[in-house]
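[1] The sequence and its predicted three-dimensional model are supplied below.
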Amino acid sequence: MARERDRRDRDRPDKDRDRGRDTRSSVNADDVDQLRSQLEEVSGKLERTSQLAVQASRDSGEARSGQQIVLFVSGLLRSRLKEVLAVYQSDREAVMNGTKEKGKPLKLLVYDALLGALSEAASRQGTEASTAAEELVALGSTVGISAISNLSRAPEDDRAWVLVTTFQFGATGQKLRSLWLDPRLRPVFAKKGGVWPELGMREGTWRPGRLHQAVCDDLGIPAKGKGKQSTGSGLKRKSETPEASRYKRR
């Protein structure tokens, strides 16, 4: 009888250990299930947030491109704009030194020069083109111009200087953009005798940028943009932009 009691005493610790091991296994399984559930919840929230960001990015880009035109400047006109830039930079130093009053912003100086070039080119294309150009000149540059990109980065070689012009939201901005896109002005921007003019133009279009593309790749959805990856500026990369290459000097 004593031996039986001793045997039960020896067996008890093993049973206790087995019971503790079963309890720990049960607890660990519960923890894993809870962690898996939390990860799935976080993953779902992240995916929905990314989808919302992609939608907002696309909507914003398309809305902005709807206010833009892309101008391609080459030849003598490009040289003229570089002179405008040089004079502006010189005047800015004088303004900072207090020896000269502040004048027009650079974007308006450049836009004035572009209007002058457009008017000259339109006058050689007949009455319809000239009339459309005169309407643009009459509206002027004091209102409706939001921004002109790449003004401080003129190409050093003979490539066209690409200027993305953004018009302000509102009636005046839309009027300016619609006049630049007016069919009456198409002959001004058309190729003549195998040569492209010094001032070329196309409508602004949105292209998904690298970050937008990366998020879409993560989600496994199309970026909803035409063409290849862009720089995020609303333009294709230079190597992918036919307008830029076609304005090179032959």
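    That came through, no problem. Numbering: from 1, shown residues only.
[2] Just give the number of residues close to L85.
    Counted with other CB atoms under 10 Å, residues neighbouring L85 total 17. Where C-beta positions appear, they are placed from N, C-alpha and C, glycine not excepted.
[3] and if you look at the one 5 residues further on?
    Using other CB under 10 Å as the criterion, S90 is surrounded by 11 other residues.
[4] Next one: it relative to S130, how far apart?
    S90 sits 34 Å away from S130, going by CB to CB, to the nearest Å.
[5] Please apply the same query to A160.
    Distance, A160 to S130, using CB to CB: 24 Å.
[6] Tell me which of those two has more neighbours.
    A direct count of neighbours by other CB under 10 Å for A160 and S130 places A160 higher, at 26 against 18.
[7] Surely the more buried one is in contact with G200?
    Yes. With contact defined as CB atoms under 8 Å, A160 counts as touching G200 (6.9 Å).
[8] any chance you could map the helices in the chain?
    Using DSSP state H, the helices of the chain run over residues 2-65, 75-97, 106-123, 127-139, 171-180, 186-189, 210-219, 242-246.
[9] contacting residues for L106?
    Residues near L106 by CB atoms under 8 Å, 6 or more residues apart in numbering: V84, L85, Y88, L151.
[10] ok, those vs S43, which is closest?
    Of all these, S43 sits closest to L151, with 44.4 Å by CB to CB.
[11] which residues does the closest one contact?
    Each residue near L151 by CB under 8 Å, 6+ apart is listed here: L85, L106, K107, V110, L163.
[12] Equivalent analysis for E198, please.
    Going by CB under 8 Å, 6+ apart, E198 touches V73, S74, G75, L76, L77, R78, A117, A121.
[13] Highest neighbour count among those?
    Highest neighbour count within these: V73, with 27 neighbours (other CB under 10 Å).
[14] surely it meets S79?
    No. Judged on CB under 8 Å, V73 makes no contact with S79 at a distance of 9.6 Å.
[15] returning to what we had before: any chance of the contacts of L151 in a markdown table, plus pLDDT and distance to Q34?
    Formatted as a markdown table, the contacts of L151 follow (pLDDT from 0 to 100; distance: CB to CB, whole Å):
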| residue | pLDDT | distance to Q34 |
| --- | --- | --- |
| L85 | 91 | 63 |
| L106 | 91 | 60 |
| K107 | 93 | 58 |
| V110 | 94 | 62 |
| L163 | 92 | 57 |
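[16] how much space is there between L136 and L71?
    13 Å.
[17] Between these two, tell me which one has more neighbours.
    Per other CB under 10 Å, whichever of L136 and L71 has more neighbours is L71, with 25 against 21.
[18] Find the nearest non-adjacent residue to Y88, please.
    Computed as CB to CB, 6 or more residues apart in numbering, the closest residue to Y88 that is not its neighbour in sequence is L106, at 5.0 Å.
[19] Ok, K100 next?
    In space, K100 is closest to A94, 3.8 Å off (CB to CB, 6+ apart).
[20] Tell me how far the one you found lies from Y88.
    The spacing between A94 and Y88, counted by CB to CB, is 11 Å.
[21] more neighbours, these two?
    Higher neighbour count among A94 and Y88: Y88, with 18 against 13, using other CB under 10 Å.
[22] picking that back up, now the contacts of L151 as TSV including distance to Q67?
    Listed next are those as TSV, based on distance: CB to CB, whole Å:
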residue	distance to Q67
L85	24
L106	19
K107	14
V110	18
L163	15
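[23] E128: what's it in contact with?
    R184.
[24] Burial check on F72, number of neighbours?
    Counted with other CB under 10 Å, the neighbours of F72 add up to 23.
[25] For it, which non-adjacent residue is spatially closest?
    G200 (3.7 Å).
[26] Was I right to think that neighbour contacts I69?
    No. If you go by CB under 8 Å, G200 and I69 don't touch, sitting 10.6 Å apart.
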